[in-house]
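1. Would you be able to build a 3D model of this:
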Amino acid sequence: MPRTTSRRRLYRLLDVAPTPAAMLDALDLEQLTAYHADVHDPSEFLGVPALRVTFGIDKDEAAWCDELVQLTDEDVRERERRTGALLLLAVDSTVYAVGYDQGFRLLPTHLKDQSFGLSVAIRTIDPQHVRDFTANQLGAARTDISIVPGGTSVPALGLRAHSRIVRSLGGYLDNIDLTASADSSGRPSRAMTVEGGVGLHLKLGTTPGTLIADIRTIAALLENTDPNPDLAFVEHIKPVTAPALRKTLDEQLDMILGQPTVDSICSAIPAEQIDDYTHAVTYAIKIGDCAPFSTDTFDLDYFLIRARIIKPGQRIEALRRGTVALYRRERASATDHLSTTSALKWFEAHIALGARRFYFLDGAWYEFGAAYLRTLRETVALLFPANPSLDLPAWQYSLDVNKKGKTVRRPIREAAYNEQAAKNRTGWVCLDQKNVNNPIKATNAVEICDLLAPDNTLVLVKKAHDSAPLSHLCYQAHVAVELLQQTPSVRAQFAQQVRIQSDGRRTLPENFTPRRVVFAILLKAGERLTPDTLFPFSLITLAQTAQVLNARGVQVEVVGIEAALPPATNRLSEAA
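-> Got it, this is the predicted structure:
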């Protein structure tokens, strides 16, 4: 007896007219020719516009035969045959595709609705019985894959991390009226599983009537059903995949990069260089045909000047080809080289198209939904108490004359601020640059904190003109807490530093681990620090860091530092 359902992957296609001719035109004809594919029009039998493509590739000898002969000295000759089929059909003017075996390879990526399967999954999966997921960390070169055969809840999987982009989700269907939902007698069958990513992987009907009915059920569900509240967060942040939209955003960014002043761009640390960033002494920036420009930090002004003089329409590609190399010493020799990354990954930007908000980070575009930004700011707002636990001194500024002869306000060095803060606050200890050995890599040193408060709160201080220093600050806190909690030698060295720097007035117990971390931040030229004035991706980094440290039993607080600016003069300008 023929099967009534079969587990297949269903795709929804974009920009394909609901006719067999348009479906054929959308496919790669050269590929069809190379595969010797057979094309048929089964529209009359299916009752809707459709196209069927099948292929079979025969090889006289499998690719692994020669290697196995070489290894075993025995003649091995096995034939190889690859087959595949693709069924395209228009249901209510929308074109869908069902792949069989290798048939999915015939479907060009740009035709697929990248959010189709995932959008269905978050509307149909029981959030208490999620079986698997794939997710990427925004701002981190990492892909997480988790598989729980029996299923578990969303909270147990930790899927709600603020910087996590869910790519696919699998679980048990929750009361959906599909062909496979009932047995041959029409009674409800056992729980059915589904996996949604770009495509939707589930059991579909195997007759024209049941297949079309299942597709209509899925389409209606997408049209009329809201995401499950426990899974709605998945749609709050999405990578931009539509080529036309990416092109529009790139054009907007290209135009912004050509402007003399840019408020919507700030520097950022590429995911793969966060660790090297903490050890870099020299940065060599090369954009275009000019020689590398060496500096002791990433120079966003130079970066933007180089981008500005590139011809319109060519700036994005020039930055993609450009490089930023990091070195551990000033001489920037080959032996001191740490790493090199595309210059395109060294800044973040935000662009608004109407009411939609888009962010560029690590060389890719992302869209943040309004609900996501609201939730993110509400989460971070909890880290900003109305009455800060620490009374931090103002950050002193001095007057200086820059290379152009202009008088500018400059904040005193971070080391000087920390020294003054400890001197002016009873019981505080300055530990800026008083490092401990890294137990993982003996040649590296780790700074635990800048200041230690009387109640043993770790205070990490930073002046930030863009998001890069704040990313470093969060990274430092994460490392410091982890080392203190897990490494006895680090605890001992840190306690010794506290005793030495306090002239014996402060001691820490041998089993000391921090209970609280305070980020003390001077934002730009003394601008008031709030969740609304933080750089967009700093919100994500801060929320993620707080989540990680809270899981380790450490509270996080954020305190803004006021700026003590000198009187203005007629020739005065700001300098961070």
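2. from here on, contacts and neighbour counts on C-alpha atoms
-> Fine.
3. buried residues in the longest helix along the chain?
-> Secondary structure of the chain per DSSP state H: the longest helix is helix 467-486. Buried residues in helix 467-486, counting neighbours by 16 or more other C-alpha atoms under 10 Å, are found at 467-478, 480-481, 483-485.
4. try stretch 398-418
-> Under 16+ other C-alpha under 10 Å, the buried positions of stretch 398-418 are 399, 407-411, 417-418.
5. Sort out for me which of these are in strands.
-> Per DSSP state E, strands hold the following members of those: 399, 407-411.
6. Same list, these, but as JSON lines with pLDDT please.
-> As requested, these are exported to JSON lines (pLDDT from 0 to 100):
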{"residue": "399", "pLDDT": "78"}
{"residue": "407", "pLDDT": "74"}
{"residue": "408", "pLDDT": "74"}
{"residue": "409", "pLDDT": "75"}
{"residue": "410", "pLDDT": "80"}
{"residue": "411", "pLDDT": "85"}
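7. Identify the farthest-apart pair in those.
-> Checked with C-alpha to C-alpha, those reach their widest spread between 407 and 411, with 13.2 Å between them.
8. sorry, back to before: quick one: contacts of the longest helix of the chain?
-> Outside of helix 467-486, the residues within contact range by C-alpha atoms under 8 Å, 6 or more residues apart in numbering are 266-269, 274, 278, 446-449, 460-464, 490-491, 512-514, 517, 519, 535, 537-538, 541-542, 545, 548-549.
9. Could I get the CA-only coordinates of stretch 110-121 as CSV?
-> Output of stretch 110-121 as CSV, limited to C-alpha atoms (Å, rounded to 0.1, in the frame of the first residue of the first chain):
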residue,chain,number,x,y,z
HIS,A,110,18.7,33.4,-3.8
LEU,A,111,15.3,31.9,-4.6
LYS,A,112,14.7,30.6,-1.1
ASP,A,113,12.8,32.5,1.5
GLN,A,114,15.5,32.4,4.1
SER,A,115,13.0,32.8,7.1
PHE,A,116,10.2,30.5,5.9
GLY,A,117,11.0,27.3,7.8
LEU,A,118,12.0,29.1,11.0
SER,A,119,8.9,31.3,10.9
VAL,A,120,6.8,28.2,10.8
ALA,A,121,8.7,26.5,13.5
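10. what residues does it touch?
-> In contact with stretch 110-121 (C-alpha under 8 Å, 6+ apart) are residues 11-16, 26, 167-170, 194-201, 218, 221-222, 227, 235, 241-243.
11. What average pLDDT does it get?
-> Regarding stretch 110-121, the rounded mean pLDDT is 88.
12. Give me the buried positions along that stretch.
-> 111-121.
13. ditto for stretch 7-14
-> Using 16+ other C-alpha under 10 Å as the test for burial, stretch 7-14 gives 8-13.
14. And stretch 354-364, by the same measure?
-> Applying a neighbour-count criterion of 16+ other C-alpha under 10 Å, one finds 358-363 buried in stretch 354-364.
15. Show the end-to-end separation of it, please.
-> Here the two ends of stretch 354-364 are set 20 Å apart, with distance taken as C-alpha to C-alpha, to the nearest Å.
16. what's in contact with it?
-> Taking C-alpha under 8 Å, 6+ apart as the rule, stretch 354-364 contacts 139, 239-240, 268, 270-271, 344-352, 365-369.
17. again, but for stretch 165-176
-> 117-118, 121-122, 124-126, 129-138, 151, 159, 191-198, 234, 237-239.
18. I appreciate the help and will end here.
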